[in-house]
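> what follows is a predicted structure for the sequence shown.
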Amino acid sequence: MAISPPRWAPNAIPTLRGWMVGSELIVSRRHTQQELDEFFHIEEPAPVIQPDPEPVVEQPTVNLDSMTKAQLVEYANTNNIEVNPADLKATILDTIKQAQ
């Protein structure tokens, strides 16, 4: 049930201590915060919805030493590492490791 000011003081303002006009307490009556919020038309704030954190995508670990020369050249091209396909596997492997 909503609260209303006394009929003889329609400009009274409700507080937690009672009804006041200016700084004078004219009716001593405790009001709850819910009653005051209802009187002043204060709505509960909307709950803050936190966005879900973005999942962490782990890069699969690559064992470069076990790759063939063709796989190393393909890996280098995929990762924008410039290698010469005519080089030795060890040279291509070193170039990729230095680029990382």
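Perfect, thanks for sending it.
> what's the local residue count around Trp19?
Neighbour count for Trp19, taken as other C-beta atoms under 10 Å: 20. Yep, even glycine has a C-beta here, placed from its N, CA and C like the rest.
> scratch that, Val27 is what I was asking about
For Val27, the tally of surrounding residues (other C-beta under 10 Å) stands at 15.
> chain neighbours aside, what residue packs nearest to it?
Nearest non-adjacent residue to Val27, counting by C-beta to C-beta, 6 or more residues apart in numbering: Trp19, 4.0 Å away.
> so who does the one you found touch?
Under the criterion of C-beta atoms under 8 Å, 6 or more residues apart in numbering, the contact partners of Trp19 comprise Pro5, Pro6, Ala9, Ala12, Ile13, Leu25, Ile26, Val27, Arg29.
> pretty sure it sits in a strand.
Yes: assessed with DSSP: H, G, I helix; E, B strand; the rest coil, Trp19 lies in a strand.
> pLDDT weak spots in the protein?
Applying pLDDT under 70 to the chain picks out residues 1, 59.
> care to break it down by domain?
1-44, 64-99 (automatic domain parsing).
> dump those to CSV, plus distance to Pro51.
Listed next are the domains of the chain as CSV, based on distance: least, C-beta to C-beta, whole Å:
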stretch, distance to Pro51
domain 1-44, 22
domain 64-99, 31
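> from those domains, which stretch is densest packed?
domain 64-99 (a mean of 13; mean count of other C-beta atoms under 10 Å).
> that domain: end-to-end distance?
13 Å (C-alpha to C-alpha, to the nearest Å).
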